[in-house]
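> Need the 3D shape of this:
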Amino acid sequence: MRLRSAAIFTAALVAIVETAAVFTAQTATAPTPAAATIKQKELAAVQRIRARIEERAKAQPARAGAAYDVTIPNTIVKYHMAAIPAGEFQMGAAAAGAPKDEQPAHRVRVDAFWMQAHEVTWDAYLLFMFADQAKETGNPDPLVDALSRPTAPYVEMSFGRGKINFPAISMTEHAANKFAEWLSAKTGEYYRVPTEAEWEYACRAGAAAPTDSSALPDHAWFAANAATKEFPGGTYHTVGAKKPNAWGLYDM
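Numbers count the residues shown, from 1 in each chain. Model (predicted):
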């Protein structure tokens, strides 16, 4: 999981518009949305979280498109946000034999944003899960933590492969989104999981041609180079151990 920071509602709005366009293009009648019952207690909780994010956002300095570092309040956990410039790129693959979900290749315009320089680590994710209080340096935040933290898993989710500075694994998409909400409320920065287009654009880092596969061992862990004595079949490794791409992103 990797986070991006900017306006968090844009992607959801675009998805709704595109869905309507698909129904129109197919000359089909869009289904009537199911009636939703608003639970006042849950609505109040969401509003309180949103108010906390907005309150803390007011104290954040103007970023002006530069990279910056963040320390999660009342903890010793830090991470780096790399600045991704606005631009346009060709997304997907046009080559014959490319997977169908990558076709057709098409031009995509991406606004400027920030992306976490490496995957979210267990150091940060365990704070969200309330399982690692040792890294807290101040009082917990009952409002934020109680409203958004998940139920603790029944098994140890790193499966003995390492936690400190290792990427957090095995969370659901919903848990990843809730972590972003929790971190937003903690820091006053607006975070969400990047879209597929944002991720591919950031991964390419301005390159138009296919990546040179001979350079892969310098930048990424994969089956051929990820084995260890304890895990001869391969395992994950600490973040940032390989070279970053041109925009300062690791392990893409």
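> tally of neighbours for A185?
Applying other Cβ atoms under 10 Å, we find 25 other residues in the vicinity of A185. (Glycine included, C-beta is placed from N, CA and C.)
> pLDDT value on it, please?
pLDDT, the model's per-residue confidence, is 86 for A185.
> Now do it against M1, distance only.
Plainly put, A185 is 17 Å away from M1 if you go by Cβ to Cβ, to the nearest Å.
> Repeat that for E156.
Counting by Cβ to Cβ - E156 and M1 are separated by 18 Å.
> Please identify which of the two sits among more neighbours.
Per other Cβ under 10 Å, whichever of E156 and M1 has more neighbours is M1, with 19 against 9.
> How about the contacts made by that one?
For M1, the set of contacting residues under the criterion of Cβ atoms under 8 Å, 6 or more residues apart in numbering consists of E119, V120, P167, A168, M171, A176, F179, V193.
> just curious, which of the residues you listed is nearest to G234?
Proximity of the contacts of M1 to G234, judged by Cβ to Cβ, is greatest for P167, which lies at 14.3 Å.
> wait, that closest one sits on Q116?
No: counting by Cβ atoms under 8 Å, P167 sits too far from Q116 to count as a contact (10.9 Å).
> These two: which is more packed in?
For P167 and Q116, the more surrounded residue by other Cβ under 10 Å is Q116, and the numbers stand at 24 against 20.
> any idea of the pLDDT on A131?
pLDDT for A131: 47.
> cool, and F23?
In this prediction, F23 carries a pLDDT score of 47.
> And the helices in this protein?
In chain order, the chain shows helices spanning 10-25, 40-57, 122-129, 142-148, 173-187, 196-204, 216-219, with DSSP state H as the criterion.
> want to throw those helices into a markdown table with distance to M252?
Shown next, in a markdown table, are the helices of the chain (distance: least, Cβ to Cβ, whole Å):
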| stretch | distance to M252 |
| --- | --- |
| helix 10-25 | 20 |
| helix 40-57 | 28 |
| helix 122-129 | 19 |
| helix 142-148 | 28 |
| helix 173-187 | 17 |
| helix 196-204 | 4 |
| helix 216-219 | 7 |
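> Quick check: which of these is nearest to F231?
The closest of the helices of the chain to F231 is helix 122-129. By Cβ to Cβ, the value is 16.8 Å.
> how far off helix 173-187 does the closest one point, in degrees?
Relative orientation of helix 122-129 with respect to helix 173-187: 90 degrees, computed using axes from the mean of the first three to the mean of the last three Cα atoms, to 10 degrees.
> quick one: buried residues of stretch 203-212?
Buried residues in stretch 203-212, defined by neighbour count with 16 or more other Cβ atoms under 10 Å: R204, A205.
> ok so, going back, the helices of the chain: lowest mean pLDDT?
Confidence, taken as mean pLDDT, is least for helix 10-25 of the helices of the chain (a mean of 42).
> any idea of the pLDDT on the spatially closest residue to A227 that is not a sequence neighbour?
Of all residues beyond its chain neighbours, the one nearest A227 is G234 (5.1 Å), with distances taken as Cβ to Cβ, 6 or more residues apart in numbering. Among the per-residue scores, G234 shows a pLDDT of 81.
> likewise V110?
The model's pLDDT for V110 equals 94.
> Against A197, how distant is it?
Shown here: V110 relative to A197, a distance of 6 Å by Cβ to Cβ.
> These two: who's more crowded?
Set V110 next to A197 and count neighbours by other Cβ under 10 Å: V110 wins out with 19 against 16.
> Tell me how many other residues surround the closest residue to the more buried one other than its chain neighbours.
With sequence-adjacent residues excluded and distances taken as Cβ to Cβ, 6+ apart, V110 is closest to Y201, at 4.7 Å. Using other Cβ under 10 Å, Y201 has 25 neighbouring residues.
> residues contacting Y201?
Going by Cβ under 8 Å, 6+ apart, Y201 touches I84, G87, F89, M91, V108, V110.
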